[in-house]
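>>> heads up, no residue letters with this:
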């Protein structure tokens, strides 16, 4: 559960001023007087009052034991380029977040000692000229779309954010990391940019990494054959490297397809993460059956494209559902080169109301051979 509370700064205790001790001159052998204090009582310094810091609950699958490769580890934010806020909840505003994201670099928050929710009045957009954006909430910050708008947007093919290359779909930068932060109430319904989707985060090009993040109750359009990602929608990654999702939680997402993660032609590596209560609510599948709007596949994860991979390790996917195929996972590699690997994970109670692959409960799979499942349970 993400918090939306704040705490007032109590400050330091008033300083108590004590009169200086009296001194007297006494003779020494050299004949030079020396000042020796005469102290009648000792004075203890007034202790400072402290304000206890509180944090958001730790996201992810607490039972996950996947090894984290260096490329998937959090970024050191000990020396930020900019900080949102000046120590109080009131100083942490939507405008400050939008400005910091546009400026790029390493961004941290100083919103006081307690968790805080920042309701966005505009979508924060990444400028393509920047090589790096790291958004670190310090396990205290929730960014909310208020149920009205997408929260975070990066698109290397959007000229409004700066046109930096003629092959924008395979651009290596910006490299965006969101870590120790929560996203809630994102909603991209009605936004058909690049086909729509991405209620909390939309990405095309560059690179995305998600570490220790929480996504709750995000939304995108309820119908459509190939749009999705109530939490995250990704199209293209530089060099076809995977999107890393580490120690993160996805709950309560609702979209036509892929109500946590959705992508076309993109690989994912999901480690020590948790998915629950996400629903693919479209109807008619993909391609859409005659007389239907399409959609309804991949309750938690929707992957479509050609040569791509999905790797799950140390991850729990439970209680998600799809009106059509793949209550947990919908994975279709059109040229049958794509692969799925499931290690040391549990997938359970993810109903597919329409269709799923025999022997793989909660999964619809078309790819190279069969998914490689080790140390895992599917039920």
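That came in fine, so what should we check first? All figures in this text were calculated on a predicted structure; none of them were measured in a lab. Residues are numbered from 1 along each chain as shown.
>>> within the helices and strands, which one has the residue nearest the centre of the chain?
The residue lying closest to the centre of the chain (C-alpha atoms, centre = their mean) is residue 213, at 4.0 Å. If you go by DSSP states H and E, residue 213 is part of strand 207-216.
>>> what strands flank that strand, and is each parallel or antiparallel?
Strand pairing for strand 207-216, determined by DSSP bridges: strand 175-184 (parallel), strand 243-246 (parallel), strand 249-251 (parallel).
>>> about what we covered before: the residue nearest to the centre of the chain: what's it in contact with?
Contacts for residue 213 (C-beta atoms under 8 Å, 6 or more residues apart in numbering) come out as 59, 178-183, 248-249. For every residue, glycine as well, the C-beta is placed using N, CA and C.
>>> try it again with 7 Å
59, 178-179, 181-183, 248 (C-beta atoms under 7 Å, 6 or more residues apart in numbering).
>>> follow-up on the earlier one: out of the strands paired with strand 207-216, nearest to residue 313?
strand 243-246 (10.0 Å; C-beta to C-beta).
>>> pLDDT of the closest one, averaged?
The average pLDDT within strand 243-246 is 98.
>>> run through who's touching it.
Contacts for strand 243-246 (C-beta under 7 Å, 6+ apart): 68, 71-72, 208-211, 234, 237, 266, 268-273.
>>> would you show me how to pick out the buried ones of the residues you listed in PyMOL?
Entered in PyMOL, the line below selects the buried ones among these, by 16 or more other C-beta atoms under 10 Å:
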select buried, resi 68+72+208+209+210+211+234+237+266+268+269+270+271+272+273
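>>> tell me the least confident of the contacts of strand 243-246?
residue 237 (94).
>>> residue 285 versus that one, what's the distance?
Distance, residue 237 to residue 285, by C-beta to C-beta, to the nearest Å: 26 Å.
>>> any chance of the contacts of residue 213 in TSV with distance to residue 348 and neighbour count as columns?
Shown next, in TSV, are these (distance: C-beta to C-beta, whole Å; neighbours: other C-beta atoms under 10 Å):
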residue	distance to residue 348	neighbour count
59	19	26
178	28	26
179	28	22
181	28	26
182	25	28
183	25	29
248	19	29
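>>> which residues of this structure fall in helices?
Taking DSSP state H as the test, the helices found in the chain are 94-103.
>>> what residue ranges in the chain score low on pLDDT?
1-49 (pLDDT under 70).
>>> measure residue 224 to residue 335 for me?
Distance from residue 224 to residue 335, by C-beta to C-beta: 23 Å.
>>> higher neighbour count, the two?
residue 224 (23 against 10; other C-beta atoms under 10 Å).
>>> hang on, that one packs against residue 294?
Yes - applying C-beta atoms under 7 Å, one finds residue 224 in contact with residue 294, separated by 5.8 Å.
>>> need the overlap of contacts for these two.
Common neighbours of residue 224 and residue 294 (C-beta under 7 Å, 6+ apart) are residue 282.
>>> and residue 297, how many residues sit next to it?
What residue 297 shows, counting by other C-beta under 10 Å, is a neighbour count of 34.
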